[in-house]
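**Student:** only the shape, not the letters, is given here:
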Ligand SMILES: NC(=O)C1=CN([C@@H]2O[C@H](COP(=O)(O)OP(=O)(O)OC[C@H]3O[C@@H](n4cnc5c(N)ncnc54)[C@H](O)[C@@H]3O)[C@@H](O)[C@H]2O)C=CC1
Ligand SMILES: C[C@H](O)[C@@H]1OC(=O)[C@H](O)[C@@H]1O
């Protein structure tokens with residue numbers, strides 16, 4: 001098992017990639033604290049699934065956009081499990097909208113959840129790891145969108161480039177404490193975040209057609225890579241970005 005007896009914290013883990021990562025961490029032997037936001041039923045289901053795997057879990061509700069949610073999440077995890085070994089910054093939103101009439105509030109909220117949220121949470125987790133003095137691993141869910149644009153994602157893609165950049169700078173800032181920081185760049189993974197967008201059969205077919213492996217990603221495709229980066233198997237990796245997109249980025253023509 002890759003994460004035996006580690007304490008793993010994951011934001012936005014009631015659904016999608018975060019949920020799959022929480023379950024994979026438990027399968028790999030970890031006890032897991034999940035941050036969730038206004039999603040109590042789904043949060044309770046994830047906790048129950050982790051417990052059914054024989055591991056411990058707690059769910060803490062909080063909006064990642066608020067600095068107090070970060071300190072509250074880390075304190076609650078430490079209260080439950082005594083320490084933090086791995087932090088996964090996953091929570092994110094992508095309300096598709098055109099550029100020319102982007103509502104200020106949509107732009108602001110997307111930046112605050114995706115980028116400020118990642119910053120506050122990473123900072124709180126890193127402070128706990130530094131206090132423990134035994135290093136740690138931080139993995140942030142960036143995106144293929146850190147590398148390419150999207151017509152309806154002008155507010156979103158800069159946050160994903162920012163998350164990857166945050167991991168690079170944190171790798172530099174935290175290396176002396178033995179804390180590794182890396183990002184995962186998923187391609188198109190079928191989750192709630194793009195359910196409406198991919199409900200259009202033409203759009204779905206187009207996206208699938210761009211992927212050499214011939215299918216959209218599943219949350220589990222990302223969770224296994226996060227588990228690897230979080231584990232000692234990746235002990236000399238820091239400041240790196242792993243693209244997990246079925247080959248989509250390479251498929252220019
Ligand atoms: N699905 C995809 O194609 C891709 C997703 N990503 C990223 O993966 C991450 C997870 O997204 P998915 O699992 O796909 O979507 P999802 O919509 O299934 O899950 C998002 C999770 O974040 C939580 N969340 C939303 N706002 C929050 C807030 N303010 N505070 C705390 N939690 C909050 C939601 O409750 C949910 O559990 C996001 O950061 C997204 O940008 C990156 C590349 C591709
Ligand atoms: C939500 C989108 O479908 C998804 O999010 C990303 O980060 C990917 O680039 C996809 O566009």
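**Tutor:** Perfect, I can see it now. Please read all numbers here as calculations on a predicted model, not as lab measurements. Ligands and ions are numbered 1, 2, ... in the order given.
**Student:** the lowest-mean-pLDDT helix or strand in the chain near ligand 2 anywhere?
**Tutor:** When the helices and strands of the chain are scored by mean pLDDT, DSSP states H and E, helix 201-209 comes last with a mean of 96. No: under the criterion of C-beta under 6 Å from any ligand atom, ligand 2 is not reached by helix 201-209; the shortest gap measures 8.0 Å. In this view, the C-beta of every residue, glycine as well, is placed from N, C-alpha and C.
**Student:** hmm, who's touching that helix?
**Tutor:** 188, 197-198, 214-216 (C-beta atoms under 8 Å, 6 or more residues apart in numbering).
**Student:** want to try TSV for those, with distance to ligand 1 and secondary structure as columns?
**Tutor:** Listed next are the contacts of helix 201-209 as TSV, based on distance: C-beta to the nearest ligand atom, whole Å; DSSP: H, G, I helix; E, B strand; the rest coil:
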residue	distance to ligand 1	secondary structure
188	5	coil
197	9	helix
198	9	helix
214	16	coil
215	13	coil
216	8	coil
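**Student:** mind checking the SS state of residue 114?
**Tutor:** Secondary structure for residue 114, judged by DSSP: H, G, I helix; E, B strand; the rest coil, is helix.
**Student:** host element of the nearest residue to it once chain neighbours are set aside?
**Tutor:** Sequence neighbours aside, residue 159 is the residue nearest to residue 114 in space, at 3.6 Å (criterion: C-beta to C-beta, 6 or more residues apart in numbering). Here residue 159, judged by DSSP states H and E, is contained in helix 157-174.
**Student:** still on that earlier bit, just among the contacts of helix 201-209, which is most surrounded?
**Tutor:** residue 188 (22 neighbours; other C-beta atoms under 10 Å).
**Student:** now do the phi/psi pair for it.
**Tutor:** With angles defined as degrees, to the nearest 10, residue 188 sits at phi -90, psi 110.
**Student:** follow-up on the earlier one: return the set of buried residues in the least confident helix or strand of the chain.
**Tutor:** 204, 207-208 (16 or more other C-beta atoms under 10 Å).
**Student:** before we move on, what about stretch 233-250?
**Tutor:** 234, 238-246, 248.
**Student:** okay, now the unreliable bits of the stretch 51-200 of the chain?
**Tutor:** The model of the stretch 51-200 of the chain has no residue with pLDDT under 70.
**Student:** return the residues of it in contact with ligand 1.
**Tutor:** Looking at ligand 1, the residues of the stretch 51-200 of the chain close enough under C-beta under 6 Å from any ligand atom are 63-65, 90-94, 113, 141, 143, 186, 188-189, 191-194.
**Student:** wait, is residue 242 part of a helix?
**Tutor:** No: assessed by three-state DSSP, residue 242 does not belong to a helix; its assignment is strand.
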